[in-house]
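**Q** based on what follows, work out the 3D shape:
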Amino acid sequence: MEFNEYQSLANRTLYGNEQVLTNLSLGLASETGQVVDLVKKYTFHGDRLNKDQLTKQMGDVLWYLSQVAEWADIPFDEVAKQNITKLNHKYPNGKPAK
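**A** The predicted structure follows:
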């Protein structure tokens, strides 16, 4: 699936009022926190990494991020392309040196 296609399909489920950007931003922070919590529990509490739960939470982060871009009239493909360009510039040889 292409990013712009995802963005369009995800937008079908967006609802809200004039404060939709605030709602999206708070939702993005909340869902990101849930991803972080799963990683924290795996790393520091010895829990097994529940990949199904992690995938679901990452999907929620993706939805919110795509809708922030939609609200700002930014094609989601453009977000991905600009990020790869930035990473290629920052790390021209691939992974950063250790």
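**Q** next, the buried residues of the helix or strand containing residue 85.
**A** In the assignment (DSSP states H and E), residue 85 maps to helix 76-90. Residues 76, 79 are the ones in helix 76-90 that count as buried (16 or more other Cβ atoms under 10 Å). C-beta coordinates here come from the backbone N, C-alpha and C atoms, glycine included.
**Q** the longest helix in the chain is where?
**A** helix 20-44 (DSSP state H).
**Q** which parts of it are buried?
**A** 23-24, 27-28, 31-32, 34-35, 38.
**Q** kindly export the helix holding residue 85 (C-alpha atoms) in CSV.
**A** What follows is helix 76-90, C-alpha atoms only, in CSV (Å, rounded to 0.1, in the frame of the first residue of the first chain):
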residue,chain,number,x,y,z
PHE,A,76,1.8,11.4,3.2
ASP,A,77,4.2,10.2,0.4
GLU,A,78,5.9,13.6,0.7
VAL,A,79,6.5,13.1,4.4
ALA,A,80,8.2,9.7,3.7
LYS,A,81,10.2,11.0,0.7
GLN,A,82,11.5,14.0,2.6
ASN,A,83,12.5,11.9,5.6
ILE,A,84,14.4,9.5,3.4
THR,A,85,16.2,12.4,1.7
LYS,A,86,17.1,13.8,5.1
LEU,A,87,18.4,10.4,6.3
ASN,A,88,20.4,9.9,3.1
HIS,A,89,22.0,13.3,3.6
LYS,A,90,22.7,12.8,7.3
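**Q** now for that helix, which elements pack on it?
**A** helix 3-11, helix 51-71 (3 or more Cβ pairs under 8 Å, 6 or more residues apart in numbering; DSSP states H and E).
**Q** could I get those as JSON lines with mean neighbour count?
**A** Output for these, formatted as JSON lines (neighbours: other Cβ atoms under 10 Å):
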{"stretch": "helix 3-11", "mean neighbour count": "15"}
{"stretch": "helix 51-71", "mean neighbour count": "16"}
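**Q** dump the ones you listed to CSV, plus mean pLDDT and distance to residue 79.
**A** Listed next are these as CSV, based on pLDDT from 0 to 100; distance: least, Cβ to Cβ, whole Å:
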stretch, mean pLDDT, distance to residue 79
helix 3-11, 96, 7
helix 51-71, 97, 6
